[in-house]
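Student: next input, structure requested:
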Amino acid sequence: MKKYDLIYFMGDSWTFAIGQYEDVNEEITQSNRWTGLVASHFGLEEVNNSIAGVGNLSICRKTYEDVLKFVGEGKKILAVISYSDPNRVELYNEKHSKLLVLNNSQWEEEFYKTYITTYNNYIANSQQTIFYISTVRTLFERHNIDYVENFAFTKILDIPYFSNKTMLDKTLLNIAGNQGRFSMYGLNGPPGSLYGHANVLGNKKIADAIIEKITKEYFV
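Tutor: Predicted structure coming up:
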């Protein structure tokens with residue numbers, strides 16, 4: 001009997017991988033993005049429901065929605081969850097009638113400035129992220145779902161008791177490395193940058209790290 005029916009991925013643009021603005025030649029495809037490489041390695045159907053730009057609240061909510069659907073269908077899933085920057089705070093926007101990540105392109109400028117200067121706090125946001133991660137872990141453990149986790153480009157504060165064998169030690173950005181990221185400055189810019197997304201090499205390096213983690217935890 002096959003151990004899993006599919007492999008489920010959730011995260012932000014680092015996990016969706018395709019169509020990022022630095023990828024001017026559209027080099028990243030469904031087959032060579034890291035999630036596709038991981039799914040292909042294990043011979044599993046790839047379900048990548050990641051959404052570029054989302055914060056950890058949306059990652060938590062969407063994971064719950066998708067996983068409970070799979071559980072209801074009797075699917076055996078392996079999950080890979082990639083958490084985003086804790087400072088991607090989401091609030092309900094009446095104008096758009098939905099939760100949106102707080103940024104000045106979607107919110108009134110004065111509100112954005114007031115929030116960032118008065119209320120935004122990395123420590124508090126990291127604590128919120130811990131709550132979201134703990135909630136997702138409870139969901140997986142309640143339904144006996146195997147999973148691994150990582151941070152895309154910002155790791156939360158190091159908290160000893162929060163360490164878990166399911167979490168990668170490095171962020172996806174750090175795994176990709178300078179040569180494994182697109183330049184944010186166009187084709188003639190320097191290779192790699194602080195927040196440049198993974199290129200073909202970077203996606204391969206991330207896939208190798210995730211494959212190694214999954215193999216160690218669930219196939220050895």
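Student: so which residues of this protein form strands?
Tutor: Here the chain has its strands, by DSSP state E, at 6-10, 45-48, 77-83, 90-93, 98-101, 146-151.
Student: in JSON lines: these, plus distance to Val67 and mean neighbour count.
Tutor: All C-beta spots, glycine's among them, are computed from the backbone N, C-alpha and C. Output for the strands of the chain, formatted as JSON lines (distance: least, C-beta to C-beta, whole Å; neighbours: other C-beta atoms under 10 Å):
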{"stretch": "strand 6-10", "distance to Val67": "7", "mean neighbour count": "23"}
{"stretch": "strand 45-48", "distance to Val67": "10", "mean neighbour count": "17"}
{"stretch": "strand 77-83", "distance to Val67": "7", "mean neighbour count": "25"}
{"stretch": "strand 90-93", "distance to Val67": "20", "mean neighbour count": "13"}
{"stretch": "strand 98-101", "distance to Val67": "19", "mean neighbour count": "16"}
{"stretch": "strand 146-151", "distance to Val67": "9", "mean neighbour count": "21"}
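Student: mind putting those strands into TSV with mean pLDDT and distance to Val54?
Tutor: What follows is those, written out as TSV (pLDDT from 0 to 100; distance: least, C-beta to C-beta, whole Å):
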stretch	mean pLDDT	distance to Val54
strand 6-10	98	9
strand 45-48	98	13
strand 77-83	97	10
strand 90-93	70	8
strand 98-101	69	6
strand 146-151	96	14
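Student: looking at those strands, which is closest to Tyr21?
Tutor: Tyr21 sits nearest to strand 98-101 of all the strands of the chain, at 16.2 Å, using C-beta to C-beta.
Student: so where is this protein shaky, pLDDT-wise?
Tutor: Scanning the chain for pLDDT under 70 picks out 1-2, 92-93, 96, 98, 100, 102-120, 157-163, 185-195.
Student: go again with 50.
Tutor: 1, 188 (pLDDT under 50).
Student: quick one, longest helix in it?
Tutor: helix 122-142 (DSSP state H).
Student: any idea of the angle that helix forms with strand 6-10?
Tutor: Interaxial angle of helix 122-142 relative to strand 6-10 (axes from the mean of the first three to the mean of the last three C-alpha atoms, to 10 degrees): 160 degrees.
Student: how about JSON lines for the strands of the chain, with distance to Val24 added?
Tutor: JSON lines is the format used below for the strands of the chain (distance: least, C-beta to C-beta, whole Å):
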{"stretch": "strand 6-10", "distance to Val24": "24"}
{"stretch": "strand 45-48", "distance to Val24": "22"}
{"stretch": "strand 77-83", "distance to Val24": "24"}
{"stretch": "strand 90-93", "distance to Val24": "29"}
{"stretch": "strand 98-101", "distance to Val24": "24"}
{"stretch": "strand 146-151", "distance to Val24": "26"}
